[in-house]
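**Q** Got a predicted model here, sequence first, then my questions.
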Amino acid sequence: MFWRNNILAVLLLCCTWCLATSEEFHEALTFRPLQDGRLATRFTFTTLLRGAYPRDPSTLQEEDESQHYAIFPLALGQVLREYAVTELHLTLNAGKWDYDHWGYPDEPGVGTGAELWAWMGESAARSVDERWKGLRNALSGQFCASLGSLDEQRTTSPELTFRPEGSLPQWGTTHQLRHGTLPSEHVCTENLTPFLKLLPCKSLTGIASLLNPHRLFDADWHGLGVHVRYLENEGIEVRLSFQSVFDPVRYSNGRRDWSLRSVFDRVIDRSCPIAHSSEIRVAIPKEETAVAITPDSYTTHAGFVYFNVSNASKPLDISMSWPDEQKFEYATVSSAVPLTHVSVRRTLKGSSQSRGRLSVSITNHMPITIQTSYLESMPWLLQFYLHSLQIYSNGVSRDDLISIVSYIPSVPHVRPTLFQAILTLPPKSTLHLSMDVIKPFLRYTEHPPDAQRGWDLPPAVLVPLLHSNSSTLDPGLSNPPSGFEQLRLPRRMYTPVLLVDLATPDFSMPYNVIIMSCTLIALIFGMVFNLLTRKFTLIRVSPEPK
Amino acid sequence: MAAVLQAVRARLRRLLGTDENGTVMKIRRRNQFNNFIWKSLPIIRLILLVAGYAWMLAIPLPNLGRKTYIDENALQPGQVNTYWNWPDVLRADRYLADLEGLRDRNASSAEQAAYIVDEFKKLGIPSATQAYSFTGTSGVSNGTNAYAIHSSPRASGAEAILISASRISRTGDLNLRGISTVISLAAYLKGSSLWAKDLIFVISDDHLLGMQAWITSYHGSEQSGLVADPLTLSSGVIWTALNIDYPGHSFSHLGVFFEGLNGRLPNQDLINSFGLISVYTGGVPILLYDHRDPREVPHLESKLSIIPSWLPEIVKKQDAVKEYGFRAKNILRHVGYQARGQTSGVHGLLHRFRIDAITLFAVPATGPHGFHAIGRIIESTLRTMNNLLERLHASFFFYLLVLPSTFLKIGTYLPSVILVSVSMMFTGLGEWVDARWYQPKQSSIEEKAANGQAKSEAIPRPRPVLKALSIVLLTHLAGIALFYLRTLSLASGSETMSLLLFFLMASVPLIALTAHPSPPQAVAPLSKTLKAFNLCFASTVISVTSVLNFSLAAALAVSLGVPLSYSSPSRSSLGIKLAGYTIYAVLGFGWLVLCRKEVQEAIWNWEVLGAWFALFVCIIYSPLVLQAAIVSVLPP
């Protein structure tokens, strides 16, 4: 046993050494205590394929070059090359990200449900839409998610909001964006298992061994993400992330202390030998209260505590405690420094099954005017009446605060609405935007099996467009630490999803309905037929003989 | 075989008369039948009327009705372990002590709301207050609601459950224990991650007004006279709601109140689930409203029972009679709420937003239950509501609960009203036909001579349709005027106004007395035509209403059925005519003078909550009776 282990380790080390020149694997885990006692965690597993290029879509008809990866996930690599995807982002999330209390997330894609977007180069051989369809279905199989239903009725190209995070190769053809969200998709263990299979050390060693589904899926918020991008002069990077928000107050008797054991019910026994870097970062809260972090084998830098997992003594169990606190006390007054530049609330007013009013209120917390892009990519289940769009700021109608960038109306049963606009938010004020919507009738075959539930509508996405000097106004806290993968990500803000009631037939008694309507039709037909075919004659009726 | 068939067919043809001669016979037979119907119309309509009323009386019969059952499989009521326990009760007690302290120093509603919001915030649940003010004819009312929204772990926030308690109980006392229960529940429920829907906690001010302000703001619907702060926190679609009303120190039973505004009812599954949970999880017996079965409390039997005391002892002692009396009491209470379009509690304000809601009323008693039982029952009921994958849609929306676990399906009670309505329609159509034909009078000698021969032919005559319709229209317009005058007079607070209105409404139609009878052979009497319209319209109103609000239809059938059907112009003296007219006037407008409090309440319900009853009475009911009154004073 001992020998076998040793041989395995040696073999592994050899492999790692051989391939280190072309592939790199980095893993990191970040903890960020939040001001409401919760704990944000984020796992990132980054694989970099040095010197690689995305497949040029013009070569799609030719035989592809063979793919040999040691660390890079082959299952994903094959999909990427088959459909010539330059950049890909897939997130599967559960829960509602609370921007007001948690600030900006480390991974920006926090929309509830499934979200998939990809940049692909145009090609005469196979159109982008055709490849998008293939990609959806391939990922659907790969991650056991119903991404197949992200069909044309939910696909848009909101290029303003979803800019490429990497670089796009210059092939002489333009790149196109395809984006779709499926808010009713739930993330669960069946999605995590294939996710873990993409990792070089699976969930056996290293940071990934903390990915305990029993705990992760009990978190207040959790979501997994797959991000592929091409970095010029570097190669192709795959970033697998798992982000979650735990509530230690709920687990540990009203205190917000946590440890790897208490959060994940696991500790790190072995490090992943393949990883080039493997570190755990803990953000030190900015409050005054004293914080104790164990073990003390850490380095401190820029508000973060760093643990190097490969060097640390095993088993590694990191814990953080507030020794002066008997019980965590929730703040009763809202914090002076808002965590985000703006807060958004989106609701669907009205209770009728045919009309409603979509109302969005956006509060600017900053003392300066902020511009933000606003995206609604709405399935045709809710159709906008754009003429009824109203913008109010402090009770005054201010139509000058919106400039509509693009509006593609929906086509029932075919394509969704795409509404992109730039909003100007006056300093320290709230902007109310509302517009009438209608709820169309569906064909009876279009209703889902749980017809009476209604339909989930995708979140709206806002991107506050900050100026170059905005760093001075940054509310801070959530600023990601410098590190390998910390390119500055755009700050998208997702609103919570909505549920819309459409007029729904009573599916519980279809036969009654069929029988009733058939009877009525038969009666009407019978009467008309009788009148049409009857021969009318005159008959003299003499008075009745007594 | 073919020959046999042929023979059968020929025989049948002969029997039914489908040949040339047979057609004549067929027409003859049809005429005979029509004549029979026409001749026996008075009997038929009387039979229908009596059958309808008899059916209504039969509704509380002990043999009718079936046991309630859970129709939605997802609900799974009472299948969970509840963990609400004494520490949570202790917490509720502490909140109660604080609230009592606030009450003792006469804290304003804003102060109390601030306290509640602060407590929610200490629990880590985002909360806010909402101030509102309502300006109506009866003055201005202000208040402050407190509410908190717990975003459940892992939930998308698209769906929500509402748990509410109003500051003032339905009994008029303060609902301090209800409020403490809700806050303590919030603290407790936050501790589990199993909630699939957001939990919204609302402590509304006043009894109904606060919730009305809150729920209309939540759904963004505007209401004239109501100024409410916009809500700063939001959540998703509310499917189900529980309102907790716990005014006493302890309680013996939990009563369920379910009637909503304008006769809406929540899905029966909600009531049934709560009933099962209360009995099996909490061990608390449930009641409909606060009606205790008189048989269970012998020392209060005479007080609780509605069986009239003059009945002989031998009848009163019968168990069936007691059962009938108890069921009738429940039904009458239900009809009282539903017919008037009143809500029986705070829950009723939510129904119009498609929220299935009920009120749990902790019937005040000296024991044995308290926070411990109610907490467990609510926890388990919320768990059941949490199980819902779709809106409540199985089960029944039309039902008549006669006992907490016995109900009547729509098919077993609706026909009663329809029978009365059909009888009225037949009468109206009969009058309409009758108005068309003039039967010349024959002297007795002629009659004798004509006996056995063909009767003298009836002469067709025109019907004064336009005149009759204008009277109908005018009475309904008068109804609208009456409604606005009455509402205005309520504002001025003058009580003489209602007397004045009564005499105005009752006396103006007496102009009809001056109408001269027209020759019956030239034109049909106005009274007949008017009566035909009156009855046909009343019958239509009753049958249409019956599928929207059965109780209202039943009340109409009872109050309009006989008076309208048997209104007729009399040839007798002016005095008798006037006496008849007075009866109609009192029936139609007596409420103006006799039930002032009721009127005030109905108008408040209309202004504040949007209950249609006051408008309905003014615009539909009273004019219908007025038309019958006019019929009775018109010349025959």
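**A** Alright, I've got the coordinates.

**Q** Residue A:307 and residue B:607, how far apart?
**A** Residue A:307 sits 67 Å away from residue B:607, going by Cβ to Cβ, to the nearest Å. From N, CA and C alone the C-beta is placed, and that goes for glycine too.

**Q** What helix or strand is residue B:142 located in?
**A** Take DSSP states H and E as the rule and residue B:142 turns out to sit in strand B:139-150.

**Q** contact partners of stretch B:215-227?
**A** Identification of contacts with stretch B:215-227 by Cβ atoms under 8 Å, 6 or more residues apart in numbering or on different chains yields A:347, A:349-351, A:357, A:359, B:130, B:132-136, B:212-213, B:228-231, B:234, B:238, B:349-350, B:353, B:607-608, B:610.

**Q** Please indicate which of those residues are buried?
**A** A:347, A:349-351, A:357, A:359, B:130, B:132, B:134, B:136, B:212-213, B:228-229, B:231, B:234, B:238, B:349-350, B:353, B:607-608, B:610 (16 or more other Cβ atoms under 10 Å in any protein chain shown).

**Q** Report the residue spans of the chain with pLDDT below the cut-off.
**A** Defaulting to chain A. Along chain A, segments meeting pLDDT under 70 span A:1-21, A:334-336, A:466-490, A:543-546.

**Q** sorry, should have said chain B
**A** Ranges of chain B meeting pLDDT under 70: B:1, B:14-20, B:441-456, B:490-495.

**Q** Contact residues of it facing chain A?
**A** Neighbours of chain A within chain B, by Cβ under 8 Å from any Cβ of the partner chain: B:23-24, B:27-28, B:31-32, B:118, B:121-124, B:126, B:151, B:153-159, B:190-191, B:193, B:219-221, B:234, B:236-237, B:352-354, B:389-391, B:393-394, B:454.

**Q** Strands of the stretch 451-600 of chain B, start to end?
**A** Under the criterion DSSP state E, counting those that start in this stretch, the stretch 451-600 of chain B carries strands at the ranges B:459-460.

**Q** from the chain's centre, how far out does stretch A:511-526 sit?
**A** Centre-to-centre, stretch A:511-526 and its host chain are 48 Å apart (Cα atoms, centre = their mean, to the nearest Å).

**Q** and if you look at stretch B:140-151?
**A** For stretch B:140-151, the distance to the chain centre is 29 Å (Cα atoms, centre = their mean).

**Q** okay, the strand holding residue B:142 in PDB with CA atoms only?
**A** The C-alpha coordinates for strand B:139-150 follow below in PDB (Å, rounded to 0.1, in the frame of the first residue of the first chain):
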ATOM      1  CA  GLY B 139     -63.200  61.200   8.800                       C
ATOM      2  CA  VAL B 140     -59.500  60.700   8.600                       C
ATOM      3  CA  SER B 141     -57.700  57.600  10.000                       C
ATOM      4  CA  ASN B 142     -54.000  57.400  10.300                       C
ATOM      5  CA  GLY B 143     -51.800  54.500  11.200                       C
ATOM      6  CA  THR B 144     -48.500  52.900  10.800                       C
ATOM      7  CA  ASN B 145     -47.800  49.300   9.700                       C
ATOM      8  CA  ALA B 146     -44.700  47.400  10.500                       C
ATOM      9  CA  TYR B 147     -43.500  44.600   8.200                       C
ATOM     10  CA  ALA B 148     -40.500  42.500   7.700                       C
ATOM     11  CA  ILE B 149     -39.400  40.300   4.800                       C
ATOM     12  CA  HIS B 150     -37.300  37.300   5.400                       C
END
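
**Q** Count the residues that sit near the residue in the stretch 351-500 of chain B positioned nearest to chain A.
**A** Closest to chain A within the stretch 351-500 of chain B is residue B:390: 3.8 Å, counting by Cβ to the nearest Cβ. Neighbour count for residue B:390, taken as other Cβ atoms under 10 Å in any protein chain shown: 18.

**Q** who's in contact with it?
**A** With Cβ under 8 Å, 6+ apart as the criterion, the residues that contact residue B:390 are A:450, A:451, A:452, A:453, B:74.

**Q** Go again with 10 Å.
**A** Listed by Cβ atoms under 10 Å, 6 or more residues apart in numbering or on different chains, the contact partners of residue B:390 are A:448, A:449, A:450, A:451, A:452, A:453, A:454, A:504, A:507, B:72, B:74, B:239.

**Q** Just read off the phi/psi values of the residue in the stretch 151-300 of chain A that chain B sits nearest to.
**A** Across the stretch 151-300 of chain A, the shortest distance to chain B (Cβ to the nearest Cβ) belongs to residue A:220, at 4.0 Å. Main-chain dihedrals, residue A:220, degrees, to the nearest 10: phi -60, psi -40.

**Q** Confirm residue B:282 sits in a helix?
**A** No - Residue B:282 is assigned coil when assessed by DSSP: H, G, I helix; E, B strand; the rest coil, not a helix.

**Q** one step back: which of the residues of chain B next to chain A count as buried?
**A** B:28, B:121, B:123-124, B:126, B:151, B:153-159, B:190, B:193, B:219-221, B:234, B:236-237, B:352-354, B:390-391, B:393-394.

**Q** Which single residue of chain B approaches chain A most closely?
**A** residue B:220 (2.9 Å).

**Q** Then that residue would be within a helix, right?
**A** No - going by three-state DSSP, the assignment for residue B:220 is coil, not a helix.

**Q** Sitting in helices, which of the residues of chain B next to chain A do you find?
**A** Among these, the members found in helices (DSSP state H) are B:23, B:24, B:27, B:28, B:31, B:32, B:118, B:121, B:122.

**Q** closest to residue A:105 among the residues you listed?
**A** The shortest approach to residue A:105 among these belongs to residue B:121, at 23.9 Å (Cβ to Cβ).

**Q** wait, what's in contact with the spatially closest residue to that closest one that is not a sequence neighbour?
**A** Of all residues not flanking residue B:121 in the chain, residue A:332 sits nearest, at 4.4 Å (Cβ to Cβ, 6 or more residues apart in numbering or on different chains). By Cβ under 10 Å, 6+ apart, the contact set of residue A:332 is B:117, B:118, B:119, B:120, B:121, B:122, B:124, B:127.

**Q** which residues does the last one bridge with?
**A** Pointing back at residue B:127 there. Bridge pairing for residue B:127 (DSSP bridges) gives the partners residue B:148.

**Q** one step back: would you mind checking the contacts of residue B:390 for buried ones?
**A** A:451, A:452, A:453, A:454, A:504, B:72, B:239.
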